[in-house]
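Novice: How does the following fold in three dimensions:
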Amino acid sequence: MENFNEIEILLVEDNPNDAELTIRALKKSNLANNIVHVIDGEEALNFIFCREKYSTREKPSLPKVILLDLKLPKVDGLEVLKELKSNELTKTIPVVMLTSSKEERDIIESYKLGVNSYIAKPVDFDQFVEAIKNLGLYWLLLNQSPIHKKS
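Specialist: As a prediction, the model looks like this:
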């Protein structure tokens with residue numbers, strides 16, 4: 001069983017290629033030792049709130065940052081974001097929308113719901129790796145966020 005405590009990054013991405021590239025880029029830059037990857041919005045919420053298959057996960061061991069795709073099966077990224085930002089336990093977790101959508105309405109709605117950053121995935125491989133590296137550097141090393149402690 002995976003170690004779900006001391007999570008650094010929760011990656012919510014349904015595209016296996018994008019997920020693999022993101023994980024490889026973060027690990028190559030030595031930015032994340034413990035990345036948890038889930039494939040849809042429902043699984044993301046179950047993980048965060050320790051439900052269903054994650055019910056035995058230690059509460060509230062929360063990630064330092066959530067990388068969230070917008071277009072997800074079951075529960076889309078905006079719904080996940082809405083639930084995270086409306087909950088006292090999770091509203092201070094930095095959420096980065098990492099998506100291929102450059103639609104103005106998606107960007108506006110994400111910020112209205114409290115996203116901390118919105119990044120359109122570059123199509124070029126090298127640009128994608130560089131974007132992930134910079135994202136990891138900022139959110140894991142430079143950004144100061146509240147420490148989530150067990151209650």
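Novice: rest of the way, CA atoms for contacts and neighbours
Specialist: Will do.
Novice: What pLDDT does the model give Val75?
Specialist: pLDDT recorded at Val75 is 96.
Novice: What about it, how many residues nearby?
Specialist: If you count neighbours by other CA atoms under 10 Å, Val75 ends up with 16.
Novice: Now it: closest residue in space, sequence neighbours ignored.
Specialist: Leaving out its chain neighbours, the residue that sits closest to Val75 by CA to CA, 6 or more residues apart in numbering is Gly41, at 4.5 Å.
Novice: could you say what helices and strands the helix or strand of the chain with the lowest mean pLDDT packs with?
Specialist: Least confident element among the helices and strands of the chain, by mean pLDDT, DSSP states H and E: helix 125-136 (a mean of 81). Counting contacts by 3 or more CA pairs under 8 Å, 6 or more residues apart in numbering; DSSP states H and E, helix 125-136 packs against helix 16-28.
Novice: and Val123, how many neighbours?
Specialist: Around Val123 there are 9 residues (other CA under 10 Å).
Novice: Next one: it from Lys82, what distance?
Specialist: The gap separating Val123 from Lys82 is 27 Å, by CA to CA, to the nearest Å.
Novice: do the same with Leu98
Specialist: Leu98 sits 16 Å away from Lys82, going by CA to CA.
Novice: residue contacts, Asn116?
Specialist: Shown in contact with Asn116 (CA atoms under 8 Å, 6 or more residues apart in numbering): 94-97.
Novice: What distance do you get for it to Leu67?
Specialist: For Asn116, the distance to Leu67 - CA to CA - is 10 Å.
Novice: shared neighbours, the two?
Specialist: Common neighbours of Asn116 and Leu67, using CA under 8 Å, 6+ apart, are 95-97.
Novice: List the ones among those that fall in strands.
Specialist: 95-97 (DSSP state E).
Novice: Just the buried ones from the residues you listed?
Specialist: Burial by neighbour count, judged by 16 or more other CA atoms under 10 Å, picks out 95-97 from these.
Novice: ok, so of these, who is nearest Ser29?
Specialist: Val96 (18.3 Å; CA to CA).
Novice: wait, the closest one sits on Lys121?
Specialist: No - judged on CA atoms under 8 Å, Val96 makes no contact with Lys121 at a distance of 11.6 Å.
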